[in-house]
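S.K.: Turn this into a model:
(chains A and B)
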Amino acid sequence: MDVFVQLILNGIMLGSMYAIIAVGLTLIFGIVRVVNFAHGEFLMIGMYAVYLLSKHFGLHPYVSAVPVIVLLFVVGALVQRFIIQKLLNADEHIQIFATVGLSTALINLALIVFGADLYSVESPAVRQSIAMGPFTVLVGHLVIFACAIALVAGLHTFMQTTPLGRAIRATAQNRNAAMLMGVRVERIYIISFGLGAACVGLASALIMPIYPVSPTIGTYFVLTAFVVVVLGGMRSMVGAFFGAMIIGIVDSLSGYYIAPDLKEVVYFAIFLAILIFKPTGLFGFGRGTE
Amino acid sequence: MSQMLSLLARITEPRVYVALVALSLLVIVPALNGSPFVVHIFVTICVFAALSTAWNIVGGYAGQLSLGHTMFYGLGAYTTAMLIQHFGLSPWIGMWGGAVVSIIVAMVIGYPCFRLRGPFFSLATIAFLEVIRLLFIHFHGVTGGSAGLIVPLKLGWAWMIFQDKFNYLIIAFGLLLLTIAVSAAIRHSRLGYYLTAVREREDAASAAGVNNTRAKLAAVAISAGLTSFVGSFHAMYMTFLEPATMFSLTTAVEIAMYALIGGLGTVFGPLLGALFVVPIAEAARGWLGASANGLHGFVYGVVLVLITITLPGGLVGTLGERFNRLVDRLPGARPRADRMAPALKQITGTPGETVLETKNLTMKFGGLTATDNVSVDLKRGEILGIIGPNGAGKTTLFNQMSGFLTPSAGTVTVRGRDGVMSSPTSADAFARLGVGRTFQIVQPFGKLTVVENIMIGAFLHHRGVEDARAAALRVAKLVGLENLKDVEARNLPIGDLKRLEVARTLATEPEILLLDEVMAGQSQSDTQKMVGIIRAIRDTGVSVIAIEHNMQAIMSLSDRIVVIDSGKVIAEGDPQKVVRDRRVIEAYLGEDFADAQGL
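M.R.: Coordinates of the predicted model:
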């Protein structure tokens, strides 16, 4: 029983990590209506940035979160402005090709610049474990969990209460109607894409002390994040949060009870089942086949 | 097969011989040069061009962007290698085993995934690729796992392993020719047109009688089989297999990329894409060695992004027309004679018998009842008008009569060509039974020409392309579109689009025609033309139901009128009687108006 509870706990911690990445992906998909296949590579950029800031300036990853979030916002905004914006009215497959191409280019750029080696940032305090009764969690994981909740709550409040949030929601629901109401849709898209990327900036600062970075780190995380987004119903941040928790727990349990190298098979199976049989997501928040 | 023979018969045409000469350069150039490195580059070009050509059948023609296609490549490779290892079977036999495995996997995966659209289909294919890769690693006892599998080295043609690399090129070139021939045959066959129709508009395709899922499954099965062949060969060429390279997402993206660069959905696009990019990448790898780690991938990615922004039609899509016109000036071109099918035989059957009947049709959307207990019947040879205010439920009724919506309660029965009444369940089944429908909001296949649009309907009864074309030309003349036959549908004005909508439906040679506001938003002269067309259609024995707001037109056309309001039938009968019905006037103009008229 103790093992089981510990596994659930581990799952929730892991899920929080996926939640932060998936919330960004949901923002971009829900508002700009583009599936960003390069999302994982944004994470990779963020992690290398955290690594460089730590190596050259001695910044703690949590401190470098601030500049990295800004950096990723800018990267996201630029991608939207110079690539996605030009393709908004293009065929869907052209949009897919564009972000897939961006992803390929960024992975290989990292390979050229940093090589295939793993880089990590030592941060002993983050890796310390705290005992909670018979169970233990890492400090770093606890921080991620807190940040995930704060991020979802913060973004939700932002969307519901501020004028900009309202404009973003209006744009997400009907681009043309929003435009007729005087919303500057192109600017909303740039901000939304930037926000989605900025979430990944936060994630990279939080993940860096726990996972080493390599050019393909993004692929590893983002495929899982896609599973989460689909599970959460594509458009809903709250859905993405709970979807992430479920995937985290499934990951943790199946790694222990089935086989460590098959845990991805288990949640890809869930992913395919959801896509095919319940495309509105587990909680019915969205519409998957649109 | 017959298409391949007809290709052979057309060898004197410039487009055919130019293509064959250009293709043969893929063998002649390395034969003259002879260096193993050059031969290797050409083998790689042929392999990737063949993979991309096979992918294009699903990704280009059918528009289903698979990013997991290397699963078939890997399955072909592994099946062949394991059949050699465990059973001593020659790869020439093993490749068929691989193809069978791949086709089965393709159908099993395709059936559920084809319900997904756009990026979600792509994501699902990626997920399946990952699952297969992980399973191959997990069951290492059978597959060799991450450590990989070495193909037993037996030399000679029987084992497809050679010391002289040139032999590999011959096989690779042969595979490339095979995939291009199959791809070209599909492009110019009924399946090819169907796939384009499905890619452009699924609903309009099923209304024309296309079974969308079956068309896509046929495409993915053919594509998977061909991809698997290439995988089997490549396994023999590399002699070492590991899950990471055989089931690689990166390679799957590259395969799709060649097709995009060359031109999605074109026969020679994928080959051109591979020809353009592979040598650059291979040369970089060969000359710069390990220091170029990542460079070719970076170039691929950047090229991909640039192409999407600047040349989304690819090389062929952008320059193909100009090139074709140049080629057509060469000697040997034969002008194509258009054949027009003769008029259809009069539809026989007892006039006045019921051909379509709805009983107590009820359709609920959440709390809204769009049609409420509607019972309507259509008699053979009549024109039945359905009128009613906006939102009355007329189009919802049509959607149930043509299989696009399944009623919440009640039944639709149709008299088939054999005289038996039955209740089909899908839109394409309705079409095959002889029920044709048009859409209120026109749904042309924008990138097809007028005659090709009509052909999509004509294929229902004419399998051959030439026959379908002849039938389509007959219909084009009937509705007055024969002068516009080679214009792409997206360039037509609304009046012509409405006629095209009717023409495509008419080409399915229906016995029952459902027309949804074909006169709405038309000019006076277009309306008159349409009235003439509908009368002409009825005179061939077709029974017609028309939803219409144009009162003058529908009153003069209809033999009988049904009035629907708020989902219910409120009046039915002779046009002159119906217009004077108090409830009808109320429904249209309000109670006060009815009172003022003293009714």
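S.K.: helices or strands next to the helix or strand containing residue A:267 in the packing?
M.R.: Element membership for residue A:267, per DSSP states H and E: helix A:263-277. Judged by 3 or more C-beta pairs under 8 Å, 6 or more residues apart in numbering or on different chains; DSSP states H and E, the packing partners of helix A:263-277 are helix A:217-231, helix A:237-257, helix B:91-113, helix B:118-138. C-beta coordinates here come from the backbone N, C-alpha and C atoms, glycine included.
S.K.: For residue A:27, find the nearest of those.
M.R.: Closest to residue A:27 of those is helix A:237-257 (C-beta to C-beta; 7.2 Å).
S.K.: Is the closest one positioned near chain B?
M.R.: No: figure legend: helix A:237-257 not in contact with chain B (C-beta under 8 Å from any C-beta of the partner chain); closest approach 12.0 Å.
S.K.: Same question for that helix: list its buried residues.
M.R.: Residues A:237-256 are the ones in helix A:237-257 that count as buried (16 or more other C-beta atoms under 10 Å in any protein chain shown).
S.K.: by contact count, what packs against that helix?
M.R.: Helix A:237-257 packs on helix A:2-32, helix A:139-161, helix A:217-231, helix A:263-277, going by 3+ C-beta pairs under 8 Å, 6+ apart.
S.K.: can I get those helices in a markdown table with distance to residue B:279, mean neighbour count and mean pLDDT?
M.R.: Output for the helices and strands packed on helix A:237-257, formatted as a markdown table (distance: least, C-beta to C-beta, whole Å; neighbours: other C-beta atoms under 10 Å in any protein chain shown; pLDDT from 0 to 100):
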| stretch | distance to residue B:279 | mean neighbour count | mean pLDDT |
| --- | --- | --- | --- |
| helix A:2-32 | 36 | 23 | 90 |
| helix A:139-161 | 47 | 17 | 91 |
| helix A:217-231 | 27 | 26 | 85 |
| helix A:263-277 | 36 | 19 | 82 |
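S.K.: possible to save the ones you listed as CSV with distance to residue B:56?
M.R.: Output for these, formatted as CSV (distance: least, C-beta to C-beta, whole Å):
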stretch, distance to residue B:56
helix A:2-32, 27
helix A:139-161, 41
helix A:217-231, 25
helix A:263-277, 24
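S.K.: Show the contacting residues for residue B:351.
M.R.: Contacts of residue B:351 were listed using C-beta atoms under 8 Å, 6 or more residues apart in numbering or on different chains, and they are B:379-381.
S.K.: Give me the residues contacting stretch B:41-52.
M.R.: Residues outside stretch B:41-52 that contact it (C-beta under 8 Å, 6+ apart) are B:26-27, B:29-30, B:69, B:73, B:165, B:168-169, B:172-173, B:175-176, B:178-180, B:226-227, B:230, B:233-234, B:237, B:254-256, B:258-259, B:262, B:270-271, B:273-275, B:278-279, B:282-283.
S.K.: Of the residues you listed, which are in range of chain A?
M.R.: Okay, of those touching chain A (C-beta under 8 Å from any C-beta), that's residue B:256.
S.K.: Show the buried residues in the contacts of stretch B:41-52.
M.R.: Among those, those that count as buried by neighbour count (16+ other C-beta under 10 Å) are B:26-27, B:30, B:69, B:73, B:165, B:168-169, B:172-173, B:175-176, B:178-180, B:226-227, B:230, B:233-234, B:237, B:254-256, B:258-259, B:262, B:270-271, B:273-275, B:278-279, B:282.
S.K.: Confirm residue B:509 sits in a helix?
M.R.: No: assigned with DSSP: H, G, I helix; E, B strand; the rest coil, residue B:509 falls outside any helix and is coil.
S.K.: Do you know the pLDDT at the closest residue to residue B:142 other than its chain neighbours?
M.R.: Distances taken as C-beta to C-beta, 6 or more residues apart in numbering or on different chains place residue B:82 nearest to residue B:142, at 7.6 Å, with adjacent residues excluded. Looking at residue B:82, its pLDDT stands at 94.
S.K.: what about residue B:82, neighbour count?
M.R.: 21 (other C-beta atoms under 10 Å in any protein chain shown).
S.K.: tell me which element it falls in.
M.R.: helix B:70-87.
S.K.: Mind splitting chain B into its structural domains?
M.R.: Listed by automatic domain parsing, the domain ranges of chain B are B:2-328, B:354-596.
S.K.: Now that we have these, can you turn them into TSV and tack on distance to residue A:150?
M.R.: Converted to TSV, the domains of chain B look like this (distance: least, C-beta to C-beta, whole Å):
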stretch	distance to residue A:150
domain B:2-328	29
domain B:354-596	37
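S.K.: how far away is residue B:113 from residue B:120?
M.R.: 9 Å (C-beta to C-beta, to the nearest Å).
S.K.: neighbour-wise, which of these two wins?
M.R.: Neighbour count, other C-beta under 10 Å: between residue B:113 and residue B:120, residue B:113 has more, with 24 against 21.
S.K.: Next, the contact list for residue B:444, please.
M.R.: B:201, B:204, B:453, B:489-490, B:492, B:497, B:500-501.
S.K.: Please name the nearest non-neighbouring residue to it.
M.R.: Going by C-beta to C-beta, 6+ apart, residue B:444 has residue B:489 as its nearest residue, at 3.8 Å.
S.K.: and the one you found, how many neighbours?
M.R.: For residue B:489, using other C-beta under 10 Å, the count is 24.
S.K.: distance of it from residue B:209?
M.R.: Separation of residue B:489 from residue B:209 (C-beta to C-beta): 18 Å.
S.K.: Over to residue A:63?
M.R.: 65 Å.
S.K.: same question, residue A:119
M.R.: From residue A:119 to residue B:209 the distance is 59 Å (C-beta to C-beta).
S.K.: For these two, indicate the residue with more neighbours.
M.R.: residue B:209 (28 against 17).
S.K.: Over to residue B:377: give its phi and psi.
M.R.: phi -130, psi 150 (degrees, to the nearest 10).
S.K.: Okay, the nearest residue to it once chain neighbours are set aside and residue B:179: tell me how far apart.
M.R.: Distance criterion C-beta to C-beta, 6+ apart; nearest residue to residue B:377, sequence neighbours excluded, is residue B:357 at 4.4 Å. Distance, residue B:357 to residue B:179, by C-beta to C-beta: 50 Å.
S.K.: what does residue B:149 give?
M.R.: From residue B:149 across to residue B:179, the span is 25 Å (C-beta to C-beta).
S.K.: do residue B:146 as well
M.R.: Where residue B:179 is concerned, residue B:146 sits at a distance of 31 Å (C-beta to C-beta).
S.K.: ditto for residue A:209
M.R.: On the measure of C-beta to C-beta, residue A:209 and residue B:179 end up 50 Å apart.
S.K.: Around chain A, which positions in the stretch 301-450 of chain B sit nearby?
M.R.: Residues of the stretch 301-450 of chain B lying near chain A (C-beta under 8 Å from any C-beta): B:301-305, B:307-309, B:312.
S.K.: Please narrow the residues you listed to those residing in helices.
M.R.: B:301-305, B:307-309 (DSSP state H).
S.K.: Take the contacts of residue B:444 and lay them out in JSON lines including pLDDT, secondary structure and distance to residue A:219.
M.R.: Below are the contacts of residue B:444 laid out as JSON lines (pLDDT from 0 to 100; DSSP: H, G, I helix; E, B strand; the rest coil; distance: C-beta to C-beta, whole Å):
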{"residue": "B:201", "pLDDT": "88", "secondary structure": "coil", "distance to residue A:219": "34"}
{"residue": "B:204", "pLDDT": "87", "secondary structure": "helix", "distance to residue A:219": "38"}
{"residue": "B:453", "pLDDT": "91", "secondary structure": "helix", "distance to residue A:219": "42"}
{"residue": "B:489", "pLDDT": "87", "secondary structure": "helix", "distance to residue A:219": "41"}
{"residue": "B:490", "pLDDT": "87", "secondary structure": "helix", "distance to residue A:219": "38"}
{"residue": "B:492", "pLDDT": "88", "secondary structure": "coil", "distance to residue A:219": "45"}
{"residue": "B:497", "pLDDT": "89", "secondary structure": "helix", "distance to residue A:219": "45"}
{"residue": "B:500", "pLDDT": "91", "secondary structure": "helix", "distance to residue A:219": "46"}
{"residue": "B:501", "pLDDT": "89", "secondary structure": "helix", "distance to residue A:219": "46"}
